[in-house]
Each structure stands twice: as structure tokens, then as C-alpha cells.
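In: Sequence below, structure please.
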Amino acid sequence: MKASEYKAAVAVTGLSAAGVERLFGVDHVTTGRWASGEQEVPRAVGLSLLLMAAANVSVTQAQILADGADIRLARIA
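Out: Next comes the predicted model:
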């Protein structure tokens, strides 16, 4: 995913930089590097953003799903 595509996907989903940081567990330096194109956006992040946009998944819904995944993964481990 190119930086311009990343920024567009973030805008379409309604995520703020802080929201991206919380949802994907990264810091502001990383989100800045993704937005500038200095660092490649991980495939999983790009795919997640595109799926959120395509399926009209809200930021709140994505956070609930992400938090639930953490709980399920903890139970497995």
C-alpha cells in the first residue's frame, strides 16, 4: 500500500492517527512513517483498512473486534 492509499483509507474509515495507533498497536512515529511513505505499510494493516472501508466497518466496531481477538488469543495461549 502506497502512502497516498494509506492516507485515503484512513480518511475513508474515519480513523485518526491516534485511532490507527490504538487499533494496530503502533506509535505515532510509525504512523507518520506510513503516511510519509518512509516505511512500508504492513500488508495486514493495509488489508484491514481496505476491508474496513469496503464493509463500512466503523472505528468502534473495529476496536471491539480487535479487543475481542486479544481476549480469544489470550485464552488460546
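In: what's the helix or strand for residue 57?
Out: Under DSSP states H and E, no helix or strand contains residue 57.
In: Let me know how buried it is, in neighbour terms.
Out: Residue 57 has 16 neighbours, counted by other CB atoms under 10 Å. All C-beta atoms are positioned from the backbone trio N, CA, C, and that covers glycine.
In: And the residue lying closest to it once chain neighbours are set aside, how close does it get to residue 32?
Out: With CB to CB, 6 or more residues apart in numbering as the criterion, residue 57 has its nearest non-adjacent residue at 7.1 Å, and that residue is residue 51. Plainly put, residue 51 is 23 Å away from residue 32 if you go by CB to CB, to the nearest Å.
In: for residue 53, same thing?
Out: Residue 53 is 21 Å from residue 32, where distance means CB to CB.
In: More neighbours: those two, which one.
Out: residue 53 (16 against 12).
In: element containing the residue nearest to the more buried one when sequence neighbours are not counted, please.
Out: Nearest in space to residue 53, with sequence neighbours left out and distances taken as CB to CB, 6+ apart, is residue 12 at 4.4 Å. If you go by DSSP H and E, residue 12 is part of helix 3-13.
In: Show me what that helix is packed up against.
Out: On a contact count with 3 or more CB pairs under 8 Å, 6 or more residues apart in numbering; DSSP states H and E, helix 3-13 meets helix 28-36, helix 43-54.
In: how much distance is there from the shortest one to the middle of the chain?
Out: Taking CA atoms, centre = their mean, to the nearest Å, the mean C-alpha location of helix 28-36 is offset from the chain mean by 12 Å.
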